[in-house]
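1. Sequence and predicted structure are below.
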Amino acid sequence: MERTRIILDVDTGVDDALAILYALRSPGLDVLGITTCFGNVDVDRATRNTLAVVELCGLDVPVYRGAERPILREWTGPVPWIHGEDGLGNTALPAPRRRAESQEAASFLREAIRRHPGEVALVPVARLTNVARAFLFDPELPRLVRGVVFMGGAAFCPGNVTAVAEANVWGDPEAAEIVLQSGAPLTMVGLDVTMRARLEAHELDRLNPALPHAALVRDAVSFYMNAYEETQGVRGRWCPLHDPLAVAVAEDPTLCTTRPYPVRISCDGATAGMTVVDARPHADKEPNVAVCVDVDVDRFLGRFRERLGMS
Ligand code: BDR
Ligand code: CA
């Protein structure tokens, strides 16, 4: 089977950890490296968590430390009420033995894309800061990538940080706008579909306890489900699988239905971080984003169980 070369960009984070596990355990994906960014936690914590999760898989995929703050703004800080003080639901995962590579994330992105022109799909599931920095650094990259499948935005549904803004876009709107207007082939896996990709608490009982990641997944996801119930207005014991869905779509685009739209990012005022989707029949701009508008939840959850080792 031909494997899709991807680079995952993360701010690990509970659902980022699930996305890393999904990607590393997917037969259809060849993960060239993982880049890290501030967001759910600071970039050093994101890097450490990423290395620790990769180590749990018994793999030595290289990890590259990236941006510690947005392109133009100050970082507003971590979100321990969603992801825990340690970013992994206070599971106190042992410190990783390996360290991050010395190369900086944006520089690695550039090198890897240029080494495999037309072949590398970027899968950012964090702020788009690293990708934007790479594109600013080397403006030819957008036409050399296979695509950018990003978790972020809210096209036709409410936001999760403000009424209209989703966290990954809100956290660095200028970076998101740079990536969206770059000309790269873009797929937006936003809240429209990720809020429908629900993992229910009873599913955790299906995890094979012999797997090295089983305890982390069970405990971190339990914390995350509590957080969603207590702070996000979710009723019942479930959590959305935001970041794993983006990885799943990078491996198998048929899991979501997309529609092409012109999309821009609002960078100011009450709408900062909003993905402004022009759904008019006679929009005055060409579409720049394939927006995911529907998801085959059953097929995705089946994949998720398979990848994570749930019976
Ligand atoms: C996104 O924000 C982060 O908290 C999650 O990891 C996910 O990438 C959801 O809005
Ligand atoms: Ca994330």
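-> Yep, that arrived. Numbering: from 1, shown residues only. Ligands and ions are numbered 1, 2, ... in the order given.

2. contacts and neighbour counts: CA atoms only from here.
-> Fine.

3. for the chain, which helix is longest?
-> helix 214-231 (DSSP state H).

4. The helix or strand following it pairs with which strands, parallel or anti?
-> On the C-terminal side of helix 214-231, the closest following helix or strand by DSSP states H and E is strand 238-240. Applying DSSP bridges, strand 238-240 is found paired with strand 198-200 (antiparallel).

5. which residues are in contact with the strand it pairs with?
-> The contact list for strand 198-200 (Cα atoms under 8 Å, 6 or more residues apart in numbering) reads Arg237, Trp238, Cys239, Pro240, Leu241, Leu301.

6. can you list those residues in a markdown table and add pLDDT, neighbour count and distance to Leu308?
-> Formatted as a markdown table, those follow (pLDDT from 0 to 100; neighbours: other Cα atoms under 10 Å; distance: Cα to Cα, whole Å):
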| residue | pLDDT | neighbour count | distance to Leu308 |
| --- | --- | --- | --- |
| Arg237 | 94 | 16 | 19 |
| Trp238 | 98 | 21 | 17 |
| Cys239 | 98 | 27 | 16 |
| Pro240 | 98 | 21 | 15 |
| Leu241 | 98 | 22 | 13 |
| Leu301 | 98 | 17 | 10 |
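
7. tell me the two of these that are most distant?
-> Maximum pairwise distance among those (Cα to Cα): 16.1 Å, between Arg237 and Leu301.

8. And the strands in the protein?
-> In the chain, the segments counted as strands under DSSP state E are 4-10, 29-36, 63-64, 120-124, 147-151, 186-189, 198-200, 238-240, 256-261, 263-265, 275-277, 289-295.

9. So the residue nearest to Trp81 when sequence neighbours are not counted versus Met274, what's the distance?
-> Leaving aside its sequence neighbours, Trp81 sits nearest to Ala227 (Cα to Cα, 6 or more residues apart in numbering; 6.5 Å). Shown here: Ala227 relative to Met274, a distance of 24 Å by Cα to Cα, to the nearest Å.

10. which one of the two has more residues nearby?
-> Set Ala227 next to Met274 and count neighbours by other Cα atoms under 10 Å: Met274 wins out with 27 against 20.

11. In contact with the more buried one, which residues are there?
-> Contacts of Met274 (Cα under 8 Å, 6+ apart): Gly153, Ala154, Gly159, Val164, Ala165, Glu166, Val169, Trp170, Ile265, Ser266, Cys267.

12. Neighbours of Ala92, how many?
-> Ala92 has 12 nearby residues by other Cα under 10 Å.

13. How about it, nearest residue that isn't a chain neighbour?
-> Excluding the flanking residues, the one nearest Ala92 by Cα to Cα, 6+ apart is Asp86, at 7.1 Å.

14. Spell out which parts of the stretch 101-250 of the chain neighbour ligand 2.
-> Val125, Ala126 (Cα under 5 Å from the ion).

15. does stretch 112-124 come close to ligand 1?
-> No. Residues of stretch 112-124 are not located near ligand 1 by Cα under 6 Å from any ligand atom, the shortest gap being 8.4 Å.

16. what's the answer for stretch 38-46, then?
-> Yes. Counting by Cα under 6 Å from any ligand atom, ligand 1 is contacted by stretch 38-46 at Asn40.

17. How about the contacts made by the residue lying closest to Arg237 once chain neighbours are set aside?
-> Once flanking residues are discounted, Arg237 sits nearest to Ala201: 5.4 Å by Cα to Cα, 6+ apart. By Cα under 8 Å, 6+ apart, Ala201 lies in contact with Ser222, Met225, Arg237, Trp238.

18. Check what pLDDT the residue lying closest to the first one once chain neighbours are set aside gets.
-> Leaving aside its sequence neighbours, Ser222 sits nearest to Ala201 (Cα to Cα, 6+ apart; 7.4 Å). If you check Ala201, the pLDDT there is 97.

19. any idea how far Ala201 lies from Ile82?
-> 16 Å.

20. can you tell me which residues contact the residue nearest the centre of the chain?
-> Nearest residue to the geometric centre of the chain (Cα atoms, centre = their mean): Val125, 1.5 Å. Shown in contact with Val125 (Cα under 8 Å, 6+ apart): Leu8, Asp9, Val10, Asp11, Asp16, Phe150, Met151, Gly152, Asn168, Asp243, Ala246.
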